[in-house]
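Asker: Sharing a model prediction with you, sequence too.
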Amino acid sequence: MSSPTELSPRAARTRSALIASGLDLMVERAIDAIPIDDFVGKAGVAKGSFFNHFADKQDFAIAVAAEVRMEVEAQVALANEAIGDPVERIAGGMRVAAEFALDHPRKSVILLRSQASSTASAHPLNKGLKQDIDMACELGYLRAEARSSGVLYWLGLCQILMINLVEFRPSHNEASGKLSEMLVLGLSGLGLPQPQAAQLAENTRLAANKNY
């Protein structure tokens, strides 16, 4: 399959239309329950076009989820743009993930249903988190194990927090409290001393409340 950056303008439009149909239809049903005909019909393209871009439905589901993940990562990059401290950036990423789950629960469902091949440290979508964890390790902020397994650990925490927020739909005040608790546990687990973890968690909670 050609990558999106290698497509002609026409092919890129077709792929975008298919992705948009996936974002719409995969909210209500899992990928296995949706015929390809539904996707191409919603996109207004020929059925053969689907296989020009995707090997099968699972490949398509991964691509649709990647679109949502890229949207989240863009928001993380924006939120962390002026922040130099790597641990604060790591915490900021969880805050953005929580806010995304509250603001976009339908898109979050799509992302959380399909995380295939995106948990590896070397995955392009994890580049920012990996860099922050590596820098924090080099500065002596985190335990040694974080260098090899910190990305997997942090992604797991962020994903389970998003699932919880989508499932229970708490108030923003309740959600920021849950975020703070997860940050204390998560940052302490990475090796940050508990007092520092608690202070950063509180600062992040206050920042989250300011957004609402």
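Answerer: Received the coordinates, thanks.
Asker: Name the SS class of the residue nearest the centre of the chain, please.
Answerer: Centroid-nearest residue in the chain: residue 69, 4.2 Å away (criterion: CA atoms, centre = their mean). At residue 69 the chain is in helix, as set by DSSP: H, G, I helix; E, B strand; the rest coil.
Asker: so what's it up against?
Answerer: 111, 118, 125 (CB atoms under 8 Å, 6 or more residues apart in numbering). Using the backbone N, CA and C atoms, a C-beta is placed for each residue, glycine as well.
Asker: tell me the secondary structure for residue 119?
Answerer: coil.
Asker: Give me the residues contacting the lowest-mean-pLDDT helix or strand in the chain.
Answerer: None of the helices or strands of the chain scores lower by mean pLDDT, DSSP states H and E than helix 105-113, at a mean of 92. Helix 105-113 is contacted from outside by 22-23, 26-27, 30-31, 61, 64-65, 68-69, 71-72, 100-101, 159, 162-163, 165-166, 169, using CB under 8 Å, 6+ apart.
Asker: Show me which of those are buried.
Answerer: The neighbour count (16 or more other CB atoms under 10 Å) marks 22-23, 26, 31, 61, 64-65, 68-69, 72, 100-101, 159, 162, 165-166 as buried among these.
Asker: Sketch out the low-pLDDT regions of this protein for me.
Answerer: Scanning the chain for pLDDT under 70 picks out the ranges 1-5, 115-117, 212.
Asker: again, 90 this time
Answerer: 1-8, 27-28, 30, 113-123, 209-212 (pLDDT under 90).
Asker: Outline the domain layout of it.
Answerer: 6-54, 65-210 (automatic domain parsing).
Asker: Distance-wise, check the residue nearest to the centre of the chain relative to residue 93.
Answerer: Distance, residue 69 to residue 93, by CB to CB, to the nearest Å: 12 Å.
Asker: Then residue 197?
Answerer: Residue 197 is 15 Å from residue 93, by CB to CB.
Asker: cool, and residue 109?
Answerer: Taking CB to CB, one finds residue 109 at 20 Å from residue 93.
Asker: more neighbours, the two?
Answerer: residue 93 (23 against 20; other CB atoms under 10 Å).
Asker: surely residue 132 meets residue 86?
Answerer: Yes. Judged on CB atoms under 8 Å, residue 132 makes contact with residue 86 at a distance of 4.2 Å.
Asker: more crowded one of these two?
Answerer: Between residue 132 and residue 86, counted using other CB under 10 Å, residue 132 has the larger neighbour count: 25 against 21.
Asker: So which elements touch the helix or strand hosting that one?
Answerer: Following DSSP states H and E, one finds residue 132 within helix 127-138. In terms of contacts (3 or more CB pairs under 8 Å, 6 or more residues apart in numbering; DSSP states H and E), helix 127-138 is packed against helix 57-79, helix 86-103, helix 145-168.
Asker: how about it: buried residues?
Answerer: In helix 127-138, counting by 16+ other CB under 10 Å, buried: 128-130, 132-137.
Asker: Tell me the one of these nearest residue 79?
Answerer: residue 128 (11.1 Å; CB to CB).
Asker: Show the contacting residues for that closest one.
Answerer: Contacts of residue 128 by CB under 8 Å, 6+ apart are 73, 76-77, 80, 89, 93.
Asker: repeat that with 10 Å
Answerer: Taking CB atoms under 10 Å, 6 or more residues apart in numbering, we find residue 128 in contact with 73, 76-77, 80, 89-90, 93.
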